[in-house]
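S.K.: Sequence and predicted structure, then a few things I'm wondering about:
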4 protein chains.
Amino acid sequence: MPEARRGRARSESARRAILEATRDELAQHGYDKLSIDRVAAAAGAGKQTVYRWYPSKSALVAECILDGYVALGNIPIPDTGNIRRDLRDWLRAFADHAGRPEAASLIRAATAAAADNDDVAARFYERVTAASEGALTARLRTAEHAGQLRTGAPATAVAQALVGAVLYRLLVHQPLTHDFVDDLADVVLSGVERAPAAAPPP
Amino acid sequence: MPEARRGRARSESARRAILEATRDELAQHGYDKLSIDRVAAAAGAGKQTVYRWYPSKSALVAECILDGYVALGNIPIPDTGNIRRDLRDWLRAFADHAGRPEAASLIRAATAAAADNDDVAARFYERVTAASEGALTARLRTAEHAGQLRTGAPATAVAQALVGAVLYRLLVHQPLTHDFVDDLADVVLSGVERAPAAAPPP
Amino acid sequence: MPEARRGRARSESARRAILEATRDELAQHGYDKLSIDRVAAAAGAGKQTVYRWYPSKSALVAECILDGYVALGNIPIPDTGNIRRDLRDWLRAFADHAGRPEAASLIRAATAAAADNDDVAARFYERVTAASEGALTARLRTAEHAGQLRTGAPATAVAQALVGAVLYRLLVHQPLTHDFVDDLADVVLSGVERAPAAAPPP
Amino acid sequence: MPEARRGRARSESARRAILEATRDELAQHGYDKLSIDRVAAAAGAGKQTVYRWYPSKSALVAECILDGYVALGNIPIPDTGNIRRDLRDWLRAFADHAGRPEAASLIRAATAAAADNDDVAARFYERVTAASEGALTARLRTAEHAGQLRTGAPATAVAQALVGAVLYRLLVHQPLTHDFVDDLADVVLSGVERAPAAAPPP
DNA sequence: AGGTAATCGAGACGGTACGTCCAGTCTTTGT
DNA sequence: ACAAAGACTGGACGTACCGTCTCGATTACCT
């Protein structure tokens, strides 16, 4: 028995409708033109219901964006044994996902929300980088064990360079082409320095 | 002939006062709590004067941040002949500059402004990356000619990886330590891959 | 059943506070220097609440003045059987009431409001003349039946001449003395013409 | 010699253009929606020129309305020897003049201006009633001497009752018909009381 | 004729108020 | 007891004018 309850049950469907309305509003108007009144109306809910679930506009946006409606961290990193190809494919998938116009709008909205609310920033970090970083770290570790990477590679720096570069491109409206992410992958794998002890010809 | 002007000349000093008040408001309240009323009052200007110069909050913030009040792109890249040391020093200076609390607030505000206004985004790109990217490209070219880099290194990807990573750290409130930027420099210079044909000692 | 209503009931106390604040503002600043912001602040209400009740400054002023705060039409006409004395006493009471400085300010404000808003003008008429005119017509009818008046006296013209003269004096800041209203009463009762068939001396 | 003056002469044509523009604005927008900016633009004058001639909106409106653009006081009272017919004809002319739509708008505007500015009220009185009152008093005096009126008729009360009633009708948008002004004339001439000592038929 | 000074149209300035919109809270009625 | 509806206070928005000030360009008088 799921727990005795009095009165009318809190409607999970209302919560979902609110999140979907928020997502649509964000995509259409952006973060700071978003209006709770409009969200509530579009969701067929009362304003109080919105505030019952989420204490503020920032919190609503955070929940909307980060809990599943912008799934940046959910793209799995393949593991075929070839770290170079796996990394390239993952970055391409990441770019393809984030580069779709609707997703780009939402991500820009999320960036704005993160920029002026510390809680949102924290959750943004958790959902976006922490996930990617964890998966990437694991994948790098595997490659390292397979002898494909030098030891002691700074996984955090790699992950944040990749994620940061992609988000930056989105923010400034530069296209997320495969060429660009291929270059990115190349840079973090090979570096730009001439191999310090390249095989000396006899 | 430079064009006959009618009516009272527009007051450059009012414009400056407005930008300075905006800078202070941004640092104190952040982007979306910024109030044009407060800015005008603090600048000793009428609201109409603010709107005469800048048609919207975004444009005001853009002008404020990008025209000299947050000089991200103005840090010169040293050239001692040692690309590794130069890059590290530049990144440390960049991080030190951007990591100061006032600067961090302004940069987050600029990010929010860029996220919800395309013009601001374009100007943000010009002022932040285009400058850094140009300088970085030039420095990499020098190093390449000096035989320190492999040929064909993708300067754009390098620049955006570095700038993107730093801005991302700021956005999610992670500290911009020297350790972190040193790791970044290390990654883009050396890559993380095991040197493909490292000279095997006999 | 009086009609099902959803949502919070509109606050009658807010409405009263707004009207009282308006009355004070009018007396202090006059009609066209009246500020809705000040009214709202003085009433402890949001501006929106003011606009919810009254769509414009004119409407607000009209309601304030005409619904009970300036009760020009509420002075009863006595009926002692002597029309001349009754009319004189009523006009004196009317003049005394309207001539008090606070009342005079409010009436001038109402005049200004009526002058630039047709709705207000209509309500002004209803509240001021229609009431007076009705009462006056009834009283004249009584006197006519008592044989004190000639038949077919134009009650509307009488009422508007009296009210018009009093308001005009107020408008141009001439004092509403008993002498003046006594003259008025005398004029409308006796006329100024020599009695056409005055008792011919033998 | 009228006073030596240096510099450019003040442009009388600008002054006229300003008054005409004011008249048009008043007729179109009424007193308190009148805008000095619009007046200046319509007159092809600078705002400063308006303020050089008239120190305030009230003064401008007063000058405009009262110095010739609303000529209520200029209608002469005929003198055919028949006071009843003369008064009726004058009132009809007065009503016809004031009842035209453009004139009615201006008079309402003048009323509003008088209602919130004491100077305007004073000048309004001078131009409207003082003139009418003077002429009317003179005409009544003539009739009195001709034996048509009883002695000691209060001319001021008569004049203000007539003017007040007409202005009141205008203010509340009731039509100024000949029937109405005929009733007015009848009331002030004959009164409404039964002739006190009507010649009793033997 | 040439300086000097006041006025002209134009329009930006510091302000005040407007009427609208929204955030977040509170209250009423319906389910 | 929760949900919708919607009024509440408070405050920012962007616009419109106010009355003043500052431009460059005209006039007119006065040396």
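M.R.: The structure has been received and is ready for your questions.

S.K.: Any buried residues in stretch A:32-44, and which?
M.R.: A:32, A:34, A:36, A:38-40, A:42-43 (16 or more other CB atoms under 10 Å in any protein chain shown). (C-beta placed from N, C-alpha, C; glycine too.)

S.K.: Might you calculate how far it sits from the centre of the chain?
M.R.: 24 Å (CA atoms, centre = their mean, to the nearest Å).

S.K.: Send me that stretch as PDB with only the CA atoms.
M.R.: Extracted in PDB, the C-alpha atoms of stretch A:32-44 (Å, rounded to 0.1, in the frame of the first residue of the first chain):
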ATOM      1  CA  ASP A  32      15.100  36.200 -19.100                       C
ATOM      2  CA  LYS A  33      11.900  36.800 -21.100                       C
ATOM      3  CA  LEU A  34      10.400  33.600 -19.800                       C
ATOM      4  CA  SER A  35       7.200  34.300 -17.900                       C
ATOM      5  CA  ILE A  36       5.800  32.100 -15.200                       C
ATOM      6  CA  ASP A  37       2.300  33.300 -16.000                       C
ATOM      7  CA  ARG A  38       2.700  32.100 -19.600                       C
ATOM      8  CA  VAL A  39       4.200  28.800 -18.400                       C
ATOM      9  CA  ALA A  40       1.300  28.100 -16.100                       C
ATOM     10  CA  ALA A  41      -1.300  29.100 -18.700                       C
ATOM     11  CA  ALA A  42       0.300  26.900 -21.300                       C
ATOM     12  CA  ALA A  43       0.500  24.000 -18.900                       C
ATOM     13  CA  GLY A  44      -3.100  24.500 -17.900                       C
END
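
S.K.: So what touches it?
M.R.: With CB atoms under 8 Å, 6 or more residues apart in numbering or on different chains as the test, stretch A:32-44 has contacts from A:14, A:17-18, A:20-22, A:24-26, A:29, A:46-47, A:49-51, A:57, A:60-61, A:109, A:112, B:31-32, B:112, B:116.

S.K.: near DNA strand F, which of these show up?
M.R.: Among the contacts of stretch A:32-44, proximity to DNA strand F is found for A:14, A:46-47, A:49 (CB under 7 Å from any atom of the strand).

S.K.: Quick one, which of these are buried?
M.R.: Among those, those classed as buried by 16+ other CB under 10 Å are A:14, A:49.

S.K.: ok, A:L91 touching A:A185?
M.R.: Yes. Using CB atoms under 8 Å, A:L91 is in contact with A:A185, at 5.4 Å.

S.K.: still on that earlier bit, now intersect the contacts of stretch A:32-44 with the helices, please.
M.R.: Per DSSP state H, helices hold the following members of the contacts of stretch A:32-44: A:14, A:17-18, A:20-22, A:24-26, A:29, A:47, A:49-51, A:57, A:60-61, A:109, A:112, B:112.

S.K.: Type out the PyMOL command that picks the buried ones from these.
M.R.: If you want just the buried ones from the ones in helices among the contacts of stretch A:32-44 in PyMOL, going by 16+ other CB under 10 Å, the selection is:
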select buried, (chain A and resi 14+17+18+21+22+24+25+26+49+50+57+60+61+109+112) or (chain B and resi 112)
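
S.K.: so which of the ones in helices among the contacts of stretch A:32-44 also contact chain D?
M.R.: With CB under 8 Å from any CB of the partner chain as the criterion, no member of these is in contact with chain D.

S.K.: Low-confidence stretches in chain A?
M.R.: A:1-10, A:68-73, A:195-202 (pLDDT under 70).

S.K.: what residues are shared contacts of A:L91 and A:A185?
M.R.: A:L162.

S.K.: Mind checking which of these two has more residues around it?
M.R.: Higher neighbour count among A:L91 and A:A185: A:L91, with 25 against 22, using other CB atoms under 10 Å in any protein chain shown.

S.K.: any idea whether the closest residue to that one other than its chain neighbours is helix, strand or coil?
M.R.: Excluding its sequence neighbours, the residue lying closest to A:L91 (CB to CB, 6 or more residues apart in numbering or on different chains) is A:V181, at 4.1 Å. Here A:V181 is recorded as helix under DSSP: H, G, I helix; E, B strand; the rest coil.

S.K.: show me the contacts for A:V181.
M.R.: Contacts of A:V181 (CB under 8 Å, 6+ apart): A:88, A:91-92, A:94-95, A:166.

S.K.: Sitting in helices, which of those residues do you find?
M.R.: Reading helices off the contacts of A:V181 with DSSP H, I get A:88, A:91-92, A:94-95, A:166.

S.K.: ok, so of those, who is nearest chain B?
M.R.: Ranked by distance to chain B (CB to the nearest CB), these are led by A:V166 at 7.4 Å.

S.K.: could you check the distance from the closest one over to A:V61?
M.R.: Distance of A:V166 to A:V61, given as CB to CB, to the nearest Å: 21 Å.

S.K.: Please apply the same query to A:L167.
M.R.: 17 Å.

S.K.: list the helices and strands the helix or strand harbouring A:V163 packs on?
M.R.: Per DSSP states H and E, A:V163 falls inside helix A:155-171. Of the remaining helices and strands, those touching helix A:155-171 by 3 or more CB pairs under 8 Å, 6 or more residues apart in numbering or on different chains; DSSP states H and E are helix A:83-99, helix A:101-115, helix A:131-145, helix A:178-190, helix B:101-115, helix B:155-171, helix B:178-190.

S.K.: Quick check: residues of chain A near DNA strand E?
M.R.: The interface of chain A toward DNA strand E, taken as CB under 7 Å from any atom of the strand, is made up of A:8, A:34-38, A:47-48, A:51, A:55-57.

S.K.: Against B:V192, how distant is the nearest residue to A:I83 once chain neighbours are set aside?
M.R.: Using CB to CB, 6+ apart and skipping the chain neighbours, the partner closest in space to A:I83 is A:A143 (3.9 Å). Applying CB to CB, one obtains 9 Å for the distance of A:A143 from B:V192.

S.K.: between those two, what contacts are shared?
M.R.: Counting by CB under 8 Å, 6+ apart, the residues touching both A:A143 and B:V192 are A:L149.

S.K.: Farthest pair within the ones next to DNA strand F among the contacts of stretch A:32-44?
M.R.: For these, with distances taken as CB to CB, the pair at the greatest spread is A:A14 and A:K47 (12.1 Å).

S.K.: From start to finish, how long is stretch A:143-159 in a straight line?
M.R.: For stretch A:143-159, the first and last residues are 15 Å from each other (CA to CA, to the nearest Å).

S.K.: So for that stretch, what gets flagged as buried?
M.R.: Of the residues in stretch A:143-159, those buried (16+ other CB under 10 Å) are A:143-144, A:148-149, A:153-159.

S.K.: now the closest residue in space to A:E25 that isn't next to it in sequence, what's its secondary structure?
M.R.: Spatial nearest neighbour of A:E25, chain neighbours left out: A:L34 (5.0 Å); criterion: CB to CB, 6+ apart. When classified by three-state DSSP, A:L34 comes out as coil.

S.K.: Any idea which residue of chain A lies closest to chain C?
M.R.: For chain A, CB to the nearest CB, closest residue to chain C: A:G46, 9.5 Å.

S.K.: Not counting sequence-adjacent ones, nearest residue to that residue?
M.R.: A:A40 (6.2 Å).

S.K.: What of A:F124?
M.R.: With CB to CB, 6+ apart, the residue lying closest to A:F124 is A:A114, at 4.2 Å.

S.K.: That neighbour contacts B:V172, doesn't it?
M.R.: Yes. Counting by CB under 8 Å, A:A114 does reach B:V172; the two are 6.9 Å apart.

S.K.: Between these two, which contacts overlap?
M.R.: Residues within reach of A:A114 and of B:V172 at once, by CB under 8 Å, 6+ apart, are A:121, A:124.

S.K.: Looking at the two, which one has more neighbours?
M.R.: Neighbour count, other CB under 10 Å: between A:A114 and B:V172, A:A114 has more, with 30 against 22.

S.K.: Fine by me, thanks again.
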